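Chemist: Starting from these lines, generate the structure:
(2 chains, ligands or ions: 2)
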Amino acid sequence: MLEIRHLTKIYDDGTVALRDVSFSVPDGEFLVVIGLSGSGKSTLLRCINRLIDPTEGEILWDGEDLAKLKGDDLRKVRRHIGMIFQQFNLVKRSSVLTNVMAGRLGYTSTWRSISGQFSQKDQQMARDALERLGLTDQTDKRADELSGGQQQRVGIARALMQEPKMILADEPVASLDPVLAHSILQHLERLNKEDKMTIICSLHYLDLVQRYSTSVIGLKDGRVVYQGSSADVRNITDAQFKSIYGEEAERMGGIVGELTTEEKGAA
Amino acid sequence: MRTRKFESETKPSLVPPIVAGLVSLVLPGFGHMLARAFGKGLTLFLSIVAMTGLWIWRVRLEARREVDFLAMFQKSIQLRPILLIILILIVLIYLWIAYDAYKTADKRKKPKSGFLWLLVFISFFLLGWQIGEIQPATLITEGKNSFPLLSRVLWPWEKAIYRPEEYLTGYAEVVIPCTEGVELEPVVVEEGDPVVTITPTCGNLSEIDGDPGTTLTMTGSGFLPNTETEIWWIDQVQNKFRHRAAGDYVKVTTDENGSFSLDVVIPYRVIPATNEEGYVVWRLQGSQLASVGEPVPSEELLLAIEKMIETIFLGMMSTIFGIILSVPISFLAARNLMSANKITLAIYFVVRFVLNIIRSIEPLVWAVIAIIAVGLGPFAGIIALTIHGIAALGKLYSEAIESIDSGPLEAINATGANWLQLVWYGVIPQIIPPFVSFTIYRWDINVRMSTVIGMVGGGGIGYLLVQWIRLLDYRSAGIAIWFIAITVAILDYVSAEIRARFV
Ligand SMILES: Nc1ncnc2c1ncn2[C@@H]1O[C@H](COP(=O)(O)OP(=O)(O)OP(=O)(O)O)[C@@H](O)[C@H]1O
Ligand SMILES: [Mg+2]
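Modeler: Ligands and ions are numbered 1, 2, ... in the order given. Modelled structure (predicted):
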């Protein structure tokens, strides 16, 4: 159970990115965060794993306040929170395997990780993760030789290596075309349903939100302006969506749930 | 509210146009100032003062022997007609400025000053031409004198090999003058050496203004075929001089069998006998310059190779030292790593400042300083290039660090990695390509630079090059230049290859 209480973030330049945000996420939820560009989605996700230090408020995860953690304690908690990014954030010149192994750094001593001596168990884990995401053939390629969809799957594999209880996904499909977007979100859905991981994901498109979320919060200017359950979201109308989202709201289109042959092979 | 610009445009001139024009005739440019075109007036004033000053300086310089200025003027115009053109231009500009001032002060007319500025530009250009002593004609007429020299520089390889040479000689003896009862010992000829015979074996000297001396028939065999052979007179104490006929040295060319035959008139120079016996035995010798053995690399070539190697290593060592010292410094000079708090930011600014100063001082200057500190030689060169390299690489490296993608760092941070793991997995893979690229680039520069550094005594081939040029040994200098060119070309190629592989 993740509970955000009165979370506020004011950047050094005075920008107020989050204002008194409170909500809670029961374990096993697929929470989608929606909101206009600049509404504070990235800031919120990054506050949860403390890539950004919140200005005020509490982030209670199973009773522990993540906002107060420092140093080693913070790193230990981060190990259990996977994160995937819109721009994938792979080390482009490193191999796929190295990028995936990086997910294991929190569990590996400095010396072992620098000399590249990961345990047998870790290596088996990497093979499993790559297989699960259909990347077995790409293991030794450089990360930047992969297509966008493949790179995002490497990002997921890296997160999986953390054996996370929760995954934060900051617009994971915004750089991908509709078919790939569904492929990636289906991977996340599987992690959510089969592995019982909590997913917190920011998305832009109403149809994707309706298709994958089990609950939704809407942000506007750093405030929570909408909270809805899975059922609420299924019934949300375009007009309601636009009221949260502004006129830019749109559907992704594409055929929900159907994969191309290539993606089937990969998935 | 009206803008300032608007005000200055509409404010009328302080004086009527005619006054502005007249003031300009006294003090060029001041008319404009009175007409509220201060900047323009000042620029014109300074321009005409500078032009006139430069013109007077050049006139005095061209005719410095003349006493009064008028004579100087005439002389210098004779020598350099361009000075007259410049003078005409200055006068033209002077008048034009007055006219322009008149126009400027008259608010109904807008002066078109484009042509005035063009004239100012042209007269500065001509002054520059004169001061730079530019003479394209000389380049064409005298330039061809450099061709023989250039050809030696461009194709110096005759000097690159050396054929060991030895004189191949054979002689016979003559008694001068003919003396009864003198028996000459037979000349001992070793197997394979040339044989010379002379008939008769005695004779008389030529007299000055008198009878020619005895004509001897000299025949030689066993010499090198078809080769020039010199004829020498040698006495018993090894005094020697070359045989001449009608004032010229006598040279004979052997036939295809290595033989020759020649008539030799005993010259008057052969010193008369002064010993008790009253005669002197002279040797008449034929001598050829023959190469023996295989051609070997010349001393100059070996020296050039040696110094080229020294140069390459000089460049390499200064690059290595430069890398070692600039890598840590570059982290201090990377803004994204140093902007965490005020202290680190202060360090960043200090480091940047020092690097900029060091870099702005030429390696040549550092070399001179290093030579004073450690003496002539490659070590001084290494110090100079290292210092300059630290500054140059420090800047390039730090910019590479500043431009790394922060996304992967964020992702690795999110996995719970510690700082060292972050650097190893996130920072280093990203900075390796630019670091490799800049390092090779620097090595390239250092090798080129070390040839220049050598010229002031910092070791390497540059020193050799300068010495050979001073000795007018253009062939050897050519060898050095070829080596430098070849090395730089190879280095260019290698660095491009390595860069392509890493980036
Ligand atoms: N490092 C920063 N310093 C100052 N202001 C920032 C910083 N990062 C974000 N902001 C500001 O905070 C606000 C929220 O930004 P945030 O990136 O969280 O929005 P977002 O909802 O993720 O937008 P997008 O959909 O464009 O990614 C914006 O006004 C943004 O300009
Ligand atoms: Mg964002």
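
Chemist: Quick one: the strands in the stretch 101-250 of chain A, in order.
Modeler: Ranges of strands in the stretch 101-250 of chain A, per DSSP state E, counting those that start in this stretch, are A:166-170, A:198-202, A:215-220, A:223-229.

Chemist: The second one - what's its average pLDDT?
Modeler: Within the predicted structure, the mean pLDDT of strand A:198-202 is 93.

Chemist: got the angle between that strand and strand A:215-220?
Modeler: Between strand A:198-202 and strand A:215-220, the angle comes out at 30 degrees (axes from the mean of the first three to the mean of the last three C-alpha atoms, to 10 degrees).

Chemist: Need the residues that contact strand A:198-202.
Modeler: With contacts defined as C-beta atoms under 8 Å, 6 or more residues apart in numbering or on different chains, strand A:198-202 is touched by A:2, A:25, A:27-35, A:41-42, A:45, A:48, A:165-172, A:185, A:188, A:191-192, A:212-213. C-beta: built from backbone N, CA, C; applies to glycine.

Chemist: Can you report how many residues neighbour B:Tyr279?
Modeler: 18 (other C-beta atoms under 10 Å in any protein chain shown).

Chemist: ok now do the residue of the stretch 151-267 of chain A found nearest chain B, which residues does it touch?
Modeler: In the stretch 151-267 of chain A, the residue found nearest to chain B is A:Gln162; the distance is 5.7 Å by C-beta to the nearest C-beta. Each residue near A:Gln162 by C-beta under 8 Å, 6+ apart is listed here: A:Arg79, A:His80, A:Ile81, A:Gly82, A:Gly103, A:Arg104, A:Gly106, B:Thr415, B:Gly416.

Chemist: Mind doing that once more with 7 Å?
Modeler: By C-beta atoms under 7 Å, 6 or more residues apart in numbering or on different chains, A:Gln162 lies in contact with A:Arg79, A:His80, A:Gly82, A:Gly103, A:Gly106, B:Thr415.

Chemist: and ligand 1, which of the residues you listed reach it?
Modeler: When C-beta under 6 Å from any ligand atom is applied, no member of the contacts of A:Gln162 is adjacent to ligand 1.

Chemist: Find the nearest non-adjacent residue to the closest residue to ligand 1 within chain B, please.
Modeler: Per C-beta to the nearest ligand atom, B:Ser406 is where chain B lies closest to ligand 1, at 10.6 Å. Take B:Ser406 and drop its neighbours on the chain: the residue closest to it by C-beta to C-beta, 6 or more residues apart in numbering or on different chains is B:Asn336, 7.7 Å away.

Chemist: neighbours around that neighbour, how many?
Modeler: If you count neighbours by other C-beta under 10 Å, B:Asn336 ends up with 14.

Chemist: And it, how far from B:Leu345?
Modeler: 11 Å (C-beta to C-beta, to the nearest Å).

Chemist: So, low pLDDT: which residues of chain B?
Modeler: B:1-11, B:108, B:269-277, B:340, B:503 (pLDDT under 70).

Chemist: care to break chain B down by domain?
Modeler: Chain B breaks down into these domains under automatic domain parsing: B:2-134, B:165-292, B:299-502.

Chemist: Out of these, which gets nearest to A:Gln87?
Modeler: With C-beta to C-beta as the criterion, A:Gln87 lies closest to domain B:299-502 of the domains of chain B, at 5.3 Å.

Chemist: got the end-to-end distance for that closest one?
Modeler: 41 Å (C-alpha to C-alpha, to the nearest Å).

Chemist: same check, this time on stretch A:130-150
Modeler: This stretch, stretch A:130-150, spans 11 Å end to end (C-alpha to C-alpha).

Chemist: residue contacts, the closest residue to B:Phe483 other than its chain neighbours?
Modeler: With sequence-adjacent residues excluded and distances taken as C-beta to C-beta, 6+ apart, B:Phe483 is closest to B:Met308, at 4.6 Å. B:Met308 makes contact with B:Ile461, B:Phe483, B:Thr487, according to C-beta under 7 Å, 6+ apart.

Chemist: Just the local confidence number for A:Lys41, please.
Modeler: 91.

Chemist: What is the burial count for it?
Modeler: 26.

Chemist: What values do phi and psi take at it?
Modeler: Per-residue torsions, A:Lys41: phi -60, psi -50 (degrees, to the nearest 10).

Chemist: my guess is it contacts A:Leu31, does it?
Modeler: No. Counting by C-beta atoms under 7 Å, A:Lys41 stays clear of A:Leu31, with 11.6 Å between them.

Chemist: Enumerate every residue touching B:His243.
Modeler: Counting by C-beta under 7 Å, 6+ apart, B:His243 makes contact with B:Ile231, B:Trp232, B:Trp233, B:Val250, B:Val264.

Chemist: out of these, who's nearest A:Met197?
Modeler: Nearest member of these to A:Met197, counting by C-beta to C-beta, is B:Trp232, at 107.0 Å.

Chemist: a strand runs through the closest one, doesn't it?
Modeler: Yes. Remark: B:Trp232 belongs to a strand, assigned using DSSP: H, G, I helix; E, B strand; the rest coil.

Chemist: my read: it touches B:Trp282, true?
Modeler: No. B:Trp232 is not in contact with B:Trp282 according to C-beta under 7 Å; the separation is 10.1 Å.

Chemist: Looking at the two, which is more packed in?
Modeler: Using other C-beta under 10 Å, the more surrounded residue of B:Trp232 and B:Trp282 is B:Trp282, with 24 against 18.

Chemist: How many residues are close by residue 139?
Modeler: The chain I'm using is chain A. 16.

Chemist: Actually, chain B is the one I wanted.
Modeler: B:Leu139: 11 neighbours (other C-beta under 10 Å).

Chemist: Same check on the one 10 residues further on?
Modeler: Taking other C-beta under 10 Å as the neighbour definition, B:Leu149 ends up with a count of 14.

Chemist: Skipping adjacent residues, who's closest to it in space?
Modeler: Spatial nearest neighbour of B:Leu149, chain neighbours left out: B:Tyr474 (5.4 Å); criterion: C-beta to C-beta, 6+ apart.

Chemist: who are the neighbours in contact with that neighbour?
Modeler: Contacts of B:Tyr474 by C-beta under 7 Å, 6+ apart are B:Leu149, B:Arg152, B:Val153.

Chemist: Can you tell me how far it is from B:Gly457?
Modeler: For B:Tyr474 relative to B:Gly457 (C-beta to C-beta), the value is 21 Å.

Chemist: hang on, the earlier thing: would you turn the strands of the stretch 101-250 of chain A into CSV with distance to ligand 1?
Modeler: Output for the strands of the stretch 101-250 of chain A, formatted as CSV (distance: least, C-beta to the nearest ligand atom, whole Å):
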stretch, distance to ligand 1
strand A:166-170, 7
strand A:198-202, 7
strand A:215-220, 7
strand A:223-229, 12
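
Chemist: near chain B, which residues of chain A?
Modeler: A:49, A:51, A:75-76, A:78-79, A:83, A:85, A:87, A:89-91, A:93-94, A:102-103, A:105-106, A:110, A:113-114, A:162 (C-beta under 7 Å from any C-beta of the partner chain).

Chemist: how about a cut-off of 6 Å?
Modeler: A:49, A:51, A:75, A:78-79, A:83, A:87, A:89, A:91, A:93-94, A:102-103, A:105-106, A:110, A:113-114, A:162 (C-beta under 6 Å from any C-beta of the partner chain).

Chemist: Counting only helices, which of these make the cut?
Modeler: A:Arg75, A:Arg78, A:Thr110, A:Ser113, A:Ile114 (DSSP state H).

Chemist: Need the three-state assignment for B:Leu116.
Modeler: B:Leu116 ends up helix, using three-state DSSP.

Chemist: burial count for whatever residue of the stretch 51-200 of chain A ends up closest to chain B?
Modeler: Residue of the stretch 51-200 of chain A nearest chain B, by C-beta to the nearest C-beta: A:Gly106 (2.8 Å). Using other C-beta under 10 Å, A:Gly106 has 23 neighbouring residues.
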